[in-house]
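Participant: Only the shape, not the letters, is given here:
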């Protein structure tokens, strides 16, 4: 059974910083991509940032230059450093991992963290 457990988040004033972490545990072969999504009230879930196994990254335009995604492959953990936070960054943030369960297949399965609230006050 694979689990993604998130930590971090909370309440911060505009211009402040927060760091989110997400650790994958359980039985699997490897992790392909790990990413962060967010969902604000009344809006659809959107991609914030993603990092794949070769450490290449991709960001939503709205967070470029402010957020940094990184991963510790040895600990199966992904981080999201969020700087210069804005009220419009307020949302529930979810981590996601595309996991290869078995060595004999390249098929991936998607897993989600439990979500964590990030609130940015103006």
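Facilitator: Cool, the structure landed. What you see is a predicted model, and the numbers here were worked out from it, not measured in a lab. Numbering: from 1, shown residues only.
Participant: got any ranges where the chain has weak pLDDT?
Facilitator: Filtered on pLDDT under 70, the chain yields no residues whatsoever.
Participant: Find the residue at the geometric middle of it.
Facilitator: The centre of the chain sits closest to residue 36, judged by CA atoms, centre = their mean, with a distance of 2.6 Å.
Participant: List the contacts of that residue.
Facilitator: 20, 22, 47-50, 69, 78, 80, 93-96 (CB atoms under 8 Å, 6 or more residues apart in numbering). For the C-beta atoms, the positions are set from N, CA and C on the backbone; glycine is no exception.
Participant: and residue 7, what does it touch?
Facilitator: Counting by CB under 8 Å, 6+ apart, residue 7 makes contact with 20-23, 116.
Participant: any idea how far it lies from residue 19?
Facilitator: From residue 7 across to residue 19, the span is 9 Å (CB to CB, to the nearest Å).
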